[in-house]
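Asks: Build me a model:
(4 chains)
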There are 2 protein chains.
Amino acid sequence: MPHHDGAPVRLAVSTVIFALRPDHTGLPVLWTPLVRRTVEPHLGLWALPGGWLPPNEELEAAAARTLRATTGLAPNYLEQLYTFGEVDRSPDARVVSVVYWALVQSDEAAQATAGPNVRWVPADTMPGLAFDHNRIVEYALWRLRTKVEYAELAHALLGATFTLAELREVYEVVLQRRLDPANFRRTMIASGRLRETGEHVSGAPHRPPKLYRYETAASTAQTREPFMKERPAS
Amino acid sequence: MPHHDGAPVRLAVSTVIFALRPDHTGLPVLWTPLVRRTVEPHLGLWALPGGWLPPNEELEAAAARTLRATTGLAPNYLEQLYTFGEVDRSPDARVVSVVYWALVQSDEAAQATAGPNVRWVPADTMPGLAFDHNRIVEYALWRLRTKVEYAELAHALLGATFTLAELREVYEVVLQRRLDPANFRRTMIASGRLRETGEHVSGAPHRPPKLYRYETAASTAQTREPFMKERPAS
DNA sequence: CCAAAAGTGTTGCAGGTACACCCATGG
DNA sequence: CCATGGGTGTACCTGCAACACTTTTGG
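Replies: Numbers count the residues shown, from 1 in each chain, chains lettered A, B, ... in the order given. Here you go, the predicted model:
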């Protein structure tokens, strides 16, 4: 049991970042960027992007800054996740970490910065991370999957326009189950939050789907998201 | 705009405590205890119970301790609410507050400690509080009302045994609407989480209701957040 | 023409709501 | 025996799962 009676509590900010990218089979899965630690403790291990909280910076601004420093991207979605403060979560000092979670657009994420000290990994095959960061990622995934407002999540992970199949794919990845395309379509249209752009996607070998965008009006904020059941395997 | 470049960030823990107590008309409403500030800043104003985080104390333990110091009660339910860290939320220093929310049993709360520096107020008629504490209480109320697991809330606010009418009363206060007694009964029984004690309440001027207790849930644990620990021992 | 994805129609079931009605007790 | 809350029965209504079906394109 470490004793930190003399030293003050130090405050850090970290961020779990999610983006939708295809895995080796071409199917989209959730990826998250990690950074390699260049100082002790846990030198050389992979960890969540983050840093000490500067006295004059807002918590969320600090999270957005570390996110940009890592991925070069601006978050479409940024929300406080939880504050982790176990006495022994860091070996040397007492460190309390305010953790945020962020979503970035998939098309931008495709050309995200990477380097020897930055690495994107699928969220479900996370390596051993520094500190309690594995637990933090677990919790972020749990929050992502139990989040009620899926519409907002999908919006943040996709670009401005998308097909209903792409939107459904987001739901399927996050919820980890197949959804019936027919019922999904009706549910989404009925929510009133989608608008047709009038355009279609061509070039694909089948019937060209319509493109949609999200309604910008924030007037439909109280609608509850439906609970969808599994589609039987074909 | 305050500048805190030299001074370190300080970390505090506060708690919003809810209990069910009758108001002046006898109807149960949510009450919350406040403490009067005895030091600057905001000397003399009412505020949430809390204090600085000691380097060797867990966050949740610190919340439980301040709760006990204020009300003399042990929390039935204690959960992290949010971390508030705006640069200018405290006039002098940069203070980041990890805020918890707690529920205490109504029958214990009825004989809770009070004094010149402790005051219980109905949660919907909160006076002007120190710092950003009014906003914090607002947020705690929102979380209480949008919480999915009402069963756990009701369990925490009531004692070990209760009638279905008492349980319904909790739901009505939290949800802020009347519920059909007949349907409420069926829904609760169907949930499988209630057990009859075999006892009845007598003395009331009508048909004596049955007493129930909550199932000691071992099978209903999967909805719980992954890493959440059991509530602290008093 | 064929394969496959886009998109439509329809039915049945589950869960919730409304409300009529019987039961038990103190005054 | 009456008023009132405890407790049961039941019909209706809404929303979604299931799945059959039609439409539209590229090859």
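
Asks: I'd say A:G50 and A:I17 touch.
Replies: No: if you go by C-beta atoms under 8 Å, A:G50 and A:I17 don't touch, sitting 10.8 Å apart. Bear in mind the C-beta positions are built from the backbone N, C-alpha and C, glycine included.

Asks: Compare those two (neighbour count), which wins?
Replies: Using other C-beta atoms under 10 Å in any protein chain shown, the more surrounded residue of A:G50 and A:I17 is A:I17, with 28 against 24.

Asks: residue contacts, the more buried one?
Replies: If a contact means C-beta atoms under 8 Å, 6 or more residues apart in numbering or on different chains, then A:I17 has A:T32, A:P33, A:P49, A:L67, A:T70, A:T71, A:P75, A:W101, A:A102, A:L103, A:V104 as its contacts.

Asks: If you count neighbours, what's buried in the helix or strand where A:L30 lies?
Replies: Assigned by DSSP states H and E, A:L30 belongs to strand A:28-36. Across strand A:28-36, burial judged by 16 or more other C-beta atoms under 10 Å in any protein chain shown covers A:P28, A:L30, A:W31, A:T32, A:P33, A:L34, A:V35, A:R36.

Asks: mind listing the helices for chain A?
Replies: Using DSSP state H, the helices of chain A run over A:59-71, A:106-109, A:133-146, A:150-157, A:164-175, A:181-191.

Asks: so can I have JSON lines of those helices showing mean pLDDT and mean neighbour count?
Replies: Formatted as JSON lines, these follow (pLDDT from 0 to 100; neighbours: other C-beta atoms under 10 Å in any protein chain shown):
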{"stretch": "helix A:59-71", "mean pLDDT": "93", "mean neighbour count": "20"}
{"stretch": "helix A:106-109", "mean pLDDT": "77", "mean neighbour count": "18"}
{"stretch": "helix A:133-146", "mean pLDDT": "95", "mean neighbour count": "18"}
{"stretch": "helix A:150-157", "mean pLDDT": "86", "mean neighbour count": "21"}
{"stretch": "helix A:164-175", "mean pLDDT": "93", "mean neighbour count": "19"}
{"stretch": "helix A:181-191", "mean pLDDT": "93", "mean neighbour count": "14"}
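
Asks: which one of the ones you listed lies closest to B:A93?
Replies: helix A:59-71 (15.5 Å; C-beta to C-beta).

Asks: residues in contact with the helix or strand of chain A at the bottom of the mean pLDDT ranking?
Replies: The weakest-scoring helix or strand in chain A, judged by mean pLDDT, DSSP states H and E, is helix A:106-109 (a mean of 77). Residues outside helix A:106-109 that contact it (C-beta under 8 Å, 6+ apart): A:A19, A:L20, A:R21, A:P28, A:W31, A:T71, A:L73, A:L157, A:L158, A:G159.

Asks: hang on, the first one packs against A:Q105?
Replies: Yes: taking contact to mean C-beta under 8 Å, the distance of 7.4 Å between A:A19 and A:Q105 places them in contact.

Asks: Common neighbours of those two, please.
Replies: With C-beta under 8 Å, 6+ apart as the test, A:A19 and A:Q105 both reach A:L157.

Asks: quick one: which of the two has more around it?
Replies: A:A19 (26 against 20).

Asks: dump the residue contacts of that one.
Replies: For A:A19, the contact set (C-beta under 8 Å, 6+ apart) comprises A:L30, A:W31, A:T32, A:T71, A:L103, A:V104, A:Q105, A:S106, A:A109, A:A112, A:W120, A:L157.

Asks: Can I get the longest strand anywhere in chain A as CSV, trimmed to CA atoms?
Replies: Looking across chain A with DSSP state E, the single longest strand is strand A:10-22. The C-alpha trace of strand A:10-22 is given here as CSV (Å, rounded to 0.1, in the frame of the first residue of the first chain):
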residue,chain,number,x,y,z
ARG,A,10,-2.1,15.2,-8.9
LEU,A,11,-4.8,15.6,-11.5
ALA,A,12,-4.6,14.2,-15.0
VAL,A,13,-7.0,14.1,-18.0
SER,A,14,-7.2,11.1,-20.4
THR,A,15,-9.4,10.3,-23.4
VAL,A,16,-10.6,7.0,-24.9
ILE,A,17,-11.1,7.7,-28.6
PHE,A,18,-13.3,5.5,-30.8
ALA,A,19,-13.6,5.5,-34.6
LEU,A,20,-15.1,3.1,-37.1
ARG,A,21,-12.6,1.5,-39.4
PRO,A,22,-12.6,-1.8,-41.4
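
Asks: buried ones in that strand?
Replies: Neighbour-count burial for strand A:10-22, counted by 16+ other C-beta under 10 Å, picks out A:R10, A:L11, A:A12, A:V13, A:S14, A:T15, A:V16, A:I17, A:F18, A:A19, A:L20, A:R21.

Asks: contacts with DNA strand D among these, please.
Replies: Residues of the buried residues of strand A:10-22 in contact with DNA strand D (C-beta under 7 Å from any atom of the strand): none.

Asks: Tabulate these (a markdown table), appending pLDDT.
Replies: Formatted as a markdown table, the buried residues of strand A:10-22 follow (pLDDT from 0 to 100):
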| residue | pLDDT |
| --- | --- |
| A:R10 | 95 |
| A:L11 | 97 |
| A:A12 | 97 |
| A:V13 | 98 |
| A:S14 | 97 |
| A:T15 | 97 |
| A:V16 | 97 |
| A:I17 | 96 |
| A:F18 | 95 |
| A:A19 | 93 |
| A:L20 | 90 |
| A:R21 | 88 |
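
Asks: Kind regards, and thank you for your time.
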